[in-house]
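>>> Next input, structure requested:
(one chain, ligands or ions: 3)
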Amino acid sequence: MQTNEREFRQAQRFLTEHDNFLVVAHVQPDGDAVSSTLAVGWLLSCLGKKYVMVNEGPIPKRMEYLWEADKIVNLSSAPLEAAYSHIICVDCADFRRTGKSSQYFAENAEILNIDHHPTNDGYGTCNLIVPHAAATVEILFDLIAFMDLNLDKDAATLIYTGLLTDTGGFRYSNTTPKVMATASKLLEYGVDGPGLSELLLEQMTLPQLRLLTRALNGLQISEDGKISWVSVNDEDLRVTGAIHEDLEGIVNYPRNIQGVEVGLLFKVISENAVKVSMRSAGKVDVARVAQSFGGGGHVRAAGARIEGTLEEIVPQVLDRVKLQL
Ligand code: AMP
Ligand code: MN
Ligand code: MN
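Ligands and ions are numbered 1, 2, ... in the order given. Predicted coordinates for the structure are as follows:
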């Protein structure tokens, strides 16, 4: 039984008592965000509920195999006709992470906020936040069991995908005994574990590899060898033919250098905005650093969108990281 049974019961009530939901995950969705969106859709379809799954932009191509992935509406190319009164947000640490999807939240809409980020500010009407969960899908796995619904291979593949990607292939410190026990149960449903690892963690497209090479060419490291960073702009994407989702994983390279405590990736979004991804070897709580810039995340993996030029932002972020070292 869950220790936070009350939150689970409230989430169950939110799902059973209402109908016609909008299901939303964070902008530029990763494996956990996409899988959580679809797992909520799967759960709602078991309950016979109406729902629409959306994201501000497209979902990564390599996730198109997932159950009903083609049903996630890309709002940048297909706007909705109406606003919704019942919203389910997954994997969004704060309200702004829903991006342009929030345009379709009715005034006074009720929000069910399901998330695993310790920095989540509880923006929902109903909050199911489990900071020790490795991924949002882990919470959904527990919610599905709590509601006495029977998993099938499709749903098991969704949960497995979110666990696999948010734990970096069952390697990061969030890979708890519970994660491994859950993964074991999911494999019993016939999930193709090695196939998913190959597709999601091993394979690269040629443009992706070219982008990585180009980014690593500009890798920098602090004098004491404890902070290393790379930066990428739209020109880099254009020259290599890469797309936004190809940025995933680049930040691990500076972090993986022996002796480095914090690895950073700066992605120039526009003339006056930069997205920074932060990864820690363990000593520095990068969620705190990200939060000081209005972002959030986990102790070892966090991010923020910061206003300013690359030249302004890089020294600011380095200074704040140094304060934590
Ligand atoms: P990323 O660097 O985008 O892979 O994100 C690393 C972690 O930080 C993930 O758990 C994200 O959900 C979280 N994160 C990234 N950007 C933000 C942000 N602007 N606000 C809150 N959390 C974020
Ligand atoms: Mn995520
Ligand atoms: Mn997540």
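>>> and the gap between the residue of the chain most remote from its centre and ligand 3?
Distance from the C-alpha centroid of the chain peaks at residue 223, with 32.0 Å (C-alpha atoms, centre = their mean). Plainly put, residue 223 is 34 Å away from ligand 3 if you go by C-beta to the ion, to the nearest Å. Where you see a C-beta, it was placed from the backbone N, CA and C, and this is true even at glycine.
>>> Kindly report the same for residue 9.
For residue 9, the distance to ligand 3 equals 23 Å [C-beta to the ion].
>>> element containing that residue?
Applying DSSP states H and E as the criterion places residue 9 in helix 5-17.
>>> Would you mind listing the outside residues contacting that helix?
Residues external to helix 5-17 that are found in contact with it (C-beta atoms under 8 Å, 6 or more residues apart in numbering): 2, 21, 43-44, 47, 49, 86, 88, 110, 112, 114, 125-129, 142-143, 146-147.
>>> Drop anything exposed from these.
The neighbour count (16 or more other C-beta atoms under 10 Å) marks 21, 43-44, 49, 86, 88, 110, 112, 114, 126-129, 142-143, 146-147 as buried among the contacts of helix 5-17.
>>> What is the neighbour count of residue 206?
By other C-beta atoms under 10 Å, the residues close to residue 206 number 10.
>>> Please state the backbone phi and psi of the residue of the stretch 1-150 of the chain found nearest ligand 3?
With distances taken as C-beta to the ion, the stretch 1-150 of the chain approaches ligand 3 most closely at residue 32, which sits 3.4 Å away. Main-chain dihedrals, residue 32, degrees, to the nearest 10: phi -70, psi -40.
>>> Would you mind listing what in the stretch 201-325 of the chain touches ligand 1?
Contact residues (C-beta under 6 Å from any ligand atom) of the stretch 201-325 of the chain with ligand 1: 277, 295-298, 301-305.
>>> which residues sit in contact with the closest residue to ligand 2 within the stretch 51-200 of the chain?
Of all residues in the stretch 51-200 of the chain, the one sitting closest to ligand 2 is residue 91 (4.4 Å; C-beta to the ion). Residue 91 makes contact with 25-26, 29-30, 32-33, 36, 114-117, 135-136 under the criterion C-beta under 8 Å, 6+ apart.
>>> can you check residue 47 too?
Counting by C-beta under 8 Å, 6+ apart, residue 47 has contacts 15-16.
>>> doesn't residue 149 make contact with residue 46?
Yes - at 5.1 Å, residue 46 counts as touching residue 149 under the criterion of C-beta atoms under 8 Å.
>>> Show me the domain layout of the protein.
5-201, 206-324 (automatic domain parsing).
>>> I'd like those laid out as TSV, including mean pLDDT.
TSV is the format used below for the domains of the chain (pLDDT from 0 to 100):
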stretch	mean pLDDT
domain 5-201	97
domain 206-324	97
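>>> residues from the stretch 51-200 of the chain in reach of ligand 2?
residue 91 (C-beta under 5 Å from the ion).
>>> what about 8 Å?
Contact residues, the stretch 51-200 of the chain versus ligand 2 (C-beta under 8 Å from the ion): 91, 135-136, 166.
>>> Give me the subset of the contacts of helix 5-17 lying in helices.
Members of those lying in helices (criterion: DSSP state H): 43-44, 142-143, 146.
>>> As TSV, those with distance to residue 55 would be great.
Formatted as TSV, the ones in helices among the contacts of helix 5-17 follow (distance: C-beta to C-beta, whole Å):
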residue	distance to residue 55
43	18
44	16
142	24
143	21
146	26
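>>> Please identify which pair of the residues you listed lies farthest apart.
With distances taken as C-beta to C-beta, the most widely separated pair in the ones in helices among the contacts of helix 5-17 is 44 and 142, at 16.6 Å.
>>> and the residue lying closest to residue 176 once chain neighbours are set aside, what is it in contact with?
Nearest non-adjacent residue to residue 176, counting by C-beta to C-beta, 6 or more residues apart in numbering: residue 134, 6.4 Å away. By C-beta under 8 Å, 6+ apart, the contact list for residue 134 reads 116, 163, 166-167, 174-176, 178-179.
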